[in-house]
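J.: next one to model:
(one chain, ligands or ions: 1)
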Amino acid sequence: MRRREFLKGAAATSSAFVCSFSRAIGKGGDSYIEVFVDEPIGTISQNIYGHFTEHIGGVIYDGVWVGENSKIANVHGIRKALLDRLKEIQPPIIRWPGGCFADSYDWKDGIGPAQGRPSHTNFWEVDPDARRLHEKGLQIFDNNAFGTNEFIRLCKLSGAEPYLAANLRSLPAIDFDRWVEYCNSPADSTMLAKRRAASGFAEPFDVRYWGIGNESWGCGGNFTPEDYASEFRRFTSWVPEYGQDLQFIASGPNGDDMDWTRRFFEELSTGHAYKNPHFSGWSVHHYSRVPGDGDALQFAEKEWYELLLSGNRIEQIITDHWAVMGEYDRDHRIKLVVDEYGSWYREGTEVDATHIFGQQITIRDAVLTALTLDCFNRNPEKVSMANCAQLVNNLNALFLAHEDKLLVTPNFHVFSMYAAHQGARGVRTNFAAPEIKFAQNGTEGSFWGLKGSASIKEKTLTLTVVNPHVTETRETQIVLRGASTHSATANILTARDIHGHNTFDEPNTVAPRSAAVPATGGLFNFSFPAASVTKLQLNLA
Ligand code: AHR
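T.: Predicted coordinates:
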């Protein structure tokens with residue numbers, strides 16, 4: 001649509017304002033955003049803004065857990081600075097204890113008095129890097145100081161709901177039942193409830209979300225989809241409920257592995273068809289990488305776009321799995337749970353050598369995270385939960401911590417800005433901007449020019465927008481269809497340099513800044529800086 005025709009259709013036209021920000025590097029072409037305020041697309045599950053913590057490298061030990069006797073400020077052993085910052089992003093749900101670690105974990109090792117807990121070899125000892133890092137102090141023997149009680153405490157202190165991943169590969173189903181019993185049986189009822197009470201937790205934990213194995217096509221047992229379906233059926237039948245509406249999440253595919261989805265659902269629905277009202281989630285993992293895995297800090301423009309292209313595949317992955325699931329689950333009772341996503345680079349930028357899969361986080365990763373969250377927001381009927389991998393000292397982290405130091409990464413700021421979408425009513429949007437062209441190994445690559453999502457809570461409209469262009473500002477017209485605004489504010493996350501990131505010495509290099517937006521009526525202009533994530537909050541008249 002040409003700009004003139006577009007303007008004619010605007011619901012309410014008022015004076016157009018242009019907010020130019022200091023980093024206006026160049027001019028975009030015709031760009032516009034339409035927000036259809038009267039066209040709801042579903043409620044955005046707050047659990048889309050979930051997190052993931054695994055016993056790997058520096059996530060739990062050094063990241064979350066410093067121990068009760070530590071000189072580092074802590075609350076019952078949990079790093080206090082982490083708790084304080086976590087509250088700012090309102091974490092709805094946290095997944096634990098893995099990842100691959102989950103399928104080697106015996107929850108019984110992690111309960112009772114700390115001094116009586118056994119030390120065991122951590123799953124990640126299988127990783128050649130871990131063995132090498134052991135020399136540098138990596139704890140590959142887990143002393144189980146952090147177990148179920150401590151994890152539940154992390155959740156309670158940060159206001160999150162727990163999501164536990166059960167071991168399907170190396171423990172029998174009775175251990176799963178008993179873990180549910182330990183967590184959920186009423187006070188003073190079972191022997192396990194009494195053990196829980198002896199640790200100071202008389203009341204049940206009321207854990208609702210349970211993952212049944214992790215990556216069962218790989219580290220979770222190398223199953224075929226048919227064999228995994230049969231195990232899933234066995235593990236989830238007749239699990240004690242204790243009045244809880246249990247939610248079972250099956251171990252779904254890696255990225256676009258449609259074969260895993262189709263064959264699992266085919267097996268479950270043929271012959272003695274499986275019907276279990278608690279089966280509500282189908283897990284999907286999608287990591288974003290550049291060819292050769294690349295470096296988190298040293299990258300060319302081409303790799304900026306390659307990472308975003310890899311992340312952008314999530315939209316098709318969601319659409320395709322959803323279509324296959326619908327062939328078997330016609331009412332779509334089972335939703336997608338993207339319980340691992342984020343960028344993944346080669347080692348070398350972690351804040352401590354013992355942090356396996358630890359990496360620095362730049363504005364590139366923040367843009368990736370934002371476009372992923374926007375995609376979930378645009379698909380609220382399909383995606384019921386997502387967990388960024390992982391919370392601290394690992395892959396797409398929100399925090400980096402070592403000894404007494406902690407910093408928030410650009411990803412933290414994205415979560416902070418996007419928290420307004422949690423539980424809000426998603427509405428339809430239309431984004432139009434010139435495609436980005438870039439040089440990619442002798443050919444021309446392309447990427448979309450502007451995208452985002454919108455939601456409404458009471459009289460506040462939140463519009464989040466990603467401008468992925470590394471150098472160009474996007475001059476954009478924003479049209480509200482079916483509403484008008486009387487005031488607006490903006491929060492903008494960008495960096496002087498596309499490699500911008502935070503360090504312990506300079507922790508605020510990448511941080512959002514706020515700006516007033518002189519917008520009234522149903523039409524206004526806004527300049528989205530290059531390489532940025534923006535949140536616009538509009539107060540509707
Ligand atoms: O997040 C790191 C690892 O990536 C997880 O343990 C595993 O599930 C995935 O392959």
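J.: now do the contacts for the residue in the stretch 301-450 of the chain that the ligand sits nearest to.
T.: The stretch 301-450 of the chain approaches the ligand most closely through residue 389 (4.4 Å), counting by Cβ to the nearest ligand atom. Using the backbone N, CA and C atoms, a C-beta is placed for each residue, glycine as well. Going by Cβ atoms under 8 Å, 6 or more residues apart in numbering, residue 389 touches 52, 99, 285, 287, 340, 341, 342, 395, 396.
J.: just the pLDDT for the first one.
T.: Going back to what we said before, that points to residue 52. Residue 52 is assigned 98 on the pLDDT scale.
J.: same deal with the fourth one?
T.: At residue 287, the pLDDT value in this model is 98.
J.: is it true that it touches residue 357?
T.: No. Using Cβ atoms under 8 Å as the test, residue 287 is too far from residue 357 to be in contact (10.4 Å).
J.: shared neighbours, these two?
T.: By Cβ under 8 Å, 6+ apart, residue 287 and residue 357 have these common neighbours: 344, 395.
J.: the two: which has the busier surroundings?
T.: The neighbour comparison of residue 287 against residue 357 (other Cβ atoms under 10 Å) goes to residue 357, with 24 against 16.
J.: state the distance from that one to residue 365.
T.: Here residue 357 is placed at a distance of 14 Å from residue 365 (Cβ to Cβ, to the nearest Å).
J.: sorry, back to before: in strands, which of the contacts of residue 389 appear?
T.: Among the contacts of residue 389, DSSP state E puts 52, 285, 287, 340, 341, 342 in strands.
J.: and the nearest residue to residue 142 once chain neighbours are set aside, how many neighbours does it have?
T.: Among residues not flanking residue 142 along the chain, residue 122 sits closest, at 4.6 Å (Cβ to Cβ, 6 or more residues apart in numbering). Residues contacting residue 122 under the criterion other Cβ under 10 Å number 23.
J.: now swap in residue 454 and tell me
T.: A total of 28 residues lie near residue 454 under the criterion other Cβ under 10 Å.
J.: how about the secondary structure of it?
T.: Here residue 454 is recorded as strand under DSSP: H, G, I helix; E, B strand; the rest coil.
J.: correct me, but it touches residue 461?
T.: Yes. Assessed by Cβ under 8 Å, residue 454 is found in contact with residue 461 at 6.4 Å.
J.: list the residues that are in contact with both of those two.
T.: When contacts are counted by Cβ under 8 Å, 6+ apart, residue 454 and residue 461 are jointly contacted by 35, 427.
J.: what residues does this structure put near the ligand?
T.: Proximity of the chain to the ligand, by Cβ under 6 Å from any ligand atom, involves residues 54, 98, 99, 100, 214, 215, 340, 357, 389, 390, 395.
J.: if we go to 5 Å?
T.: 99, 100, 215, 389 (Cβ under 5 Å from any ligand atom).
J.: from those, pick the one nearest residue 159.
T.: Nearest to residue 159 among these: residue 389, at 20.7 Å, using Cβ to Cβ.
J.: show me where the chain has helices.
T.: For the chain, applying DSSP state H gives helices covering 3-8, 80-88, 128-134, 148-158, 173-184, 191-198, 225-236, 258-269, 301-312, 314-328, 363-378, 410-418.
J.: packed most tightly, which of the ones you listed would that be?
T.: helix 363-378 (a mean of 27; mean count of other Cβ atoms under 10 Å).
J.: quick one, that helix and helix 410-418 angle?
T.: In terms of direction (axes from the mean of the first three to the mean of the last three Cα atoms, to 10 degrees), helix 363-378 departs from helix 410-418 by 30 degrees.
J.: quick one: helix 363-378 to helix 314-328, angle?
T.: Using the same axes, to 10 degrees: helix 363-378 against helix 314-328 is 30 degrees.
J.: average pLDDT across helix 363-378?
T.: Helix 363-378 carries an average pLDDT of 99.
J.: stretch 408-428 too?
T.: When pLDDT is averaged over stretch 408-428, the result is 98.
J.: same deal with stretch 107-121?
T.: Mean pLDDT, stretch 107-121: 96.
J.: extract the C-alpha trace of that stretch and format it as PDB.
T.: What follows is stretch 107-121, C-alpha atoms only, in PDB (Å, rounded to 0.1, in the frame of the first residue of the first chain):
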ATOM      1  CA  TRP A 107      15.600 -35.800  43.300                       C
ATOM      2  CA  LYS A 108      16.000 -37.900  46.500                       C
ATOM      3  CA  ASP A 109      19.700 -36.800  46.600                       C
ATOM      4  CA  GLY A 110      18.600 -33.200  47.000                       C
ATOM      5  CA  ILE A 111      16.300 -33.300  50.000                       C
ATOM      6  CA  GLY A 112      16.900 -33.500  53.800                       C
ATOM      7  CA  PRO A 113      19.800 -31.900  55.800                       C
ATOM      8  CA  ALA A 114      22.500 -30.500  53.500                       C
ATOM      9  CA  GLN A 115      25.300 -32.400  55.300                       C
ATOM     10  CA  GLY A 116      23.600 -35.800  54.600                       C
ATOM     11  CA  ARG A 117      23.200 -35.200  50.900                       C
ATOM     12  CA  PRO A 118      25.400 -37.300  48.600                       C
ATOM     13  CA  SER A 119      27.900 -36.000  46.000                       C
ATOM     14  CA  HIS A 120      27.400 -37.300  42.500                       C
ATOM     15  CA  THR A 121      29.000 -36.800  39.100                       C
END
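J.: tell me who's in contact with residue 499.
T.: Counting by Cβ under 8 Å, 6+ apart, the residues that residue 499 touches are 297, 298, 299, 362, 363, 364.
J.: next up, phi/psi of the closest residue to the fifth one other than its chain neighbours, please.
T.: If I follow you right, that is residue 363. Leaving out its chain neighbours, the residue that sits closest to residue 363 by Cβ to Cβ, 6+ apart is residue 495, at 4.2 Å. Main-chain torsions, residue 495, degrees, to the nearest 10: phi -150, psi 160.
J.: from residue 410, how far off is residue 495?
T.: Distance, residue 495 to residue 410, by Cβ to Cβ: 8 Å.
J.: anything in contact with each of these two?
T.: Common contacts of residue 495 and residue 410 (Cβ under 8 Å, 6+ apart): 362, 363, 501, 510.
J.: please tell me how far the closest residue in space to the first one that isn't next to it in sequence sits from residue 359.
T.: This means residue 362. Leaving aside its sequence neighbours, residue 362 sits nearest to residue 501 (Cβ to Cβ, 6+ apart; 4.4 Å). Counting by Cβ to Cβ, the separation of residue 501 from residue 359 is 10 Å.
J.: more neighbours: the two, which one.
T.: residue 359 (27 against 23).
J.: for the more buried one, which non-adjacent residue is spatially closest?
T.: Spatial nearest neighbour of residue 359, chain neighbours left out: residue 296 (4.3 Å); criterion: Cβ to Cβ, 6+ apart.
J.: what's the closest non-adjacent residue to residue 78?
T.: residue 154 (5.5 Å).
J.: for the closest residue to residue 36 other than its chain neighbours, give me its contacts.
T.: The shortest distance from residue 36 to any residue other than its chain neighbours is 4.3 Å, reached at residue 428 (Cβ to Cβ, 6+ apart). Counting by Cβ under 8 Å, 6+ apart, residue 428 touches 35, 36, 39, 40, 41.
J.: picking that back up, residues near the residue nearest to the residue of the stretch 301-450 of the chain closest to the ligand when sequence neighbours are not counted, how many?
T.: Using Cβ to Cβ, 6+ apart and skipping residues adjacent in sequence, the residue nearest residue 389 is residue 340, 4.2 Å away. By other Cβ under 10 Å, the residues close to residue 340 number 25.
J.: before we move on, the earlier item: just the shared contacts of residue 495 and residue 410 now: which is nearest residue 489?
T.: For the shared contacts of residue 495 and residue 410, the nearest to residue 489 is residue 510 (19.8 Å; Cβ to Cβ).
J.: so that closest one sits right up against residue 410, yeah?
T.: Yes. Assessed by Cβ under 8 Å, residue 510 is found in contact with residue 410 at 4.4 Å.
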